[in-house]
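**Student:** Prediction below, plus the sequence it came from.
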Amino acid sequence: MTNNFFQILLISILFFSCQKEVEQDPFEISNNRVGLLTNEVKVHQLDSIFANDSIAKRVSGDQFLSASNEIEIYEKGGEKLLVLEARKESDPTSTIGSIQILDPRYKTATGLSSNSIFKDVKDAYSISKINNTLSTAVVFVDSIQAYFTIDKKELPRDFQYTTDIKIEASHIPDSAKIKHFWISWNEN
């Protein structure tokens, strides 16, 4: 009888030691995930996800200056982590459509963060397209549902004052800093 008891105890110990629960990295960016957020999280769930942080919803006012569907996430110490945009304004059941990554601790598996440079993007991912806007080059990386803006001041002079020239990856210096890092989730 004691032999059976020790066998059951040994099997239980082995079973529970092998069941190492993998905890989600709160700063990992992967497909349909930014830290503890997923593309299915609803606005009303943010309070529990960011229970140790502060959430600030922008107040609707001058629609030309800010949209009221933006939600800012701050660390308790006051550092801004993320800016979330809900798909539907003032709807607590709305999902998140896009996320601006501000804190450099948020990283992809390749180490890409808001502090990265263009070379980091180019070396790790296939660039889907580049848009030429008035003040930035917008670099899209569909494989991670991301886009990055690079200030046109970082580009050769020929590209800085026009939107008529097509910008290729070869036109952007490797050392160009990422100005903004966005994750944009498609609607389910």
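**Tutor:** Structure received.
**Student:** If we go by neighbour counts, what in the host helix or strand of V121 is buried?
**Tutor:** V121 is part of helix 118-124 when elements are defined by DSSP states H and E. When neighbours are counted by 16 or more other CB atoms under 10 Å, the buried residues of helix 118-124 are found to be 118, 120-122, 124. C-beta coordinates here come from the backbone N, C-alpha and C atoms, glycine included.
**Student:** by contact count, what packs against it?
**Tutor:** strand 136-141, strand 146-151 (3 or more CB pairs under 8 Å, 6 or more residues apart in numbering; DSSP states H and E).
**Student:** average pLDDT for the last one?
**Tutor:** For strand 146-151, the mean pLDDT works out to 97.
**Student:** Would you mind pulling the contact partners of it?
**Tutor:** For strand 146-151, the surrounding residues in contact (CB atoms under 8 Å, 6 or more residues apart in numbering) are 29, 118, 121, 135-141, 172, 176-184.
**Student:** now do 6 Å
**Tutor:** For strand 146-151, the external contacting residues (CB atoms under 6 Å, 6 or more residues apart in numbering) are 136-140, 176, 178-183.
**Student:** do the same with the first one
**Tutor:** When contacts are taken as CB under 6 Å, 6+ apart, the neighbours of strand 136-141 outside the stretch itself are 125, 127-131, 147-152, 167.
**Student:** Equivalent analysis for stretch 27-42, please.
**Tutor:** For stretch 27-42, the external contacting residues (CB under 6 Å, 6+ apart) are 26, 49, 93, 95, 99, 105-106, 108, 183, 185.
**Student:** Endpoints of that stretch, how far apart?
**Tutor:** One end of stretch 27-42 sits 19 Å from the other (CA to CA, to the nearest Å).
**Student:** Please apply the same query to stretch 160-174.
**Tutor:** Stretch 160-174 has an end-to-end distance of 17 Å (CA to CA).
**Student:** do the same with stretch 104-120
**Tutor:** 14 Å.
**Student:** what separates I55 from R87, distance-wise?
**Tutor:** 17 Å (CB to CB, to the nearest Å).
**Student:** Actually, D174.
**Tutor:** For D174 relative to R87 (CB to CB), the value is 35 Å.
**Student:** isn't there a strand covering Y74?
**Tutor:** Yes - judged by DSSP: H, G, I helix; E, B strand; the rest coil, Y74 forms part of a strand.
**Student:** just use 355 as the starting number from now, easier for me
**Tutor:** Got it, the first residue is 355 from now on, which makes the last one we talked about Y428.
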